[in-house]
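1. Sequence plus predicted model, see below.
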Amino acid sequence: MNDELFLNEQVKVVAVFGEGLNPCQPLRFRRLNGREFDITEIGLRHPTMQGKRMLHIFDVTDGSADYRLEFDAQRLTWYLTREADHVDA
């Protein structure tokens, strides 16, 4: 991600939960201003501990911009923590 904007915005996420190596897949999220974003690709995803809480980090794109979503598995909440202009490699 280049030219990142660091955020701490709680968002609403539509996700599917299943089995296997990737049991959670976010599909769409809505920001506080009501704008909705359809996730077209999930890049890096990894779990990390923050204190005693498990966070699941997802780097995603809607094709126009890149985003980082964090799912707090204890509080069952989603946050948008980064946003950046989409840069094609």
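-> Nice, I can see it. Numbering: from 1, shown residues only.
2. Okay, and the beta partners of the residue nearest the centre of the chain?
-> Centroid-nearest residue in the chain, with CA atoms, centre = their mean: Leu69, separated by 2.0 Å. Applying DSSP bridges to Leu69 gives these bridge partners: Phe58, Leu80.
3. wait, it sits on Phe58?
-> Yes. Using CB atoms under 8 Å, Leu69 is in contact with Phe58, at 4.6 Å. Using the backbone N, CA and C atoms, a C-beta is placed for each residue, glycine as well.
4. circling back: please report the distance of the residue nearest to the centre of the chain from Trp78.
-> Separation of Leu69 from Trp78 (CB to CB, to the nearest Å): 6 Å.
5. what touches both of these two?
-> 11, 13, 26, 29 (CB atoms under 8 Å, 6 or more residues apart in numbering).
6. Narrow those to those in strands?
-> The strands, defined by DSSP state E, take in 11, 13, 26, 29 from these.
7. Closest one of the shared contacts of Leu69 and Trp78 to Ile39?
-> Taking CB to CB as the measure, Ile39 lies nearest Pro26 of the shared contacts of Leu69 and Trp78, at 5.7 Å.
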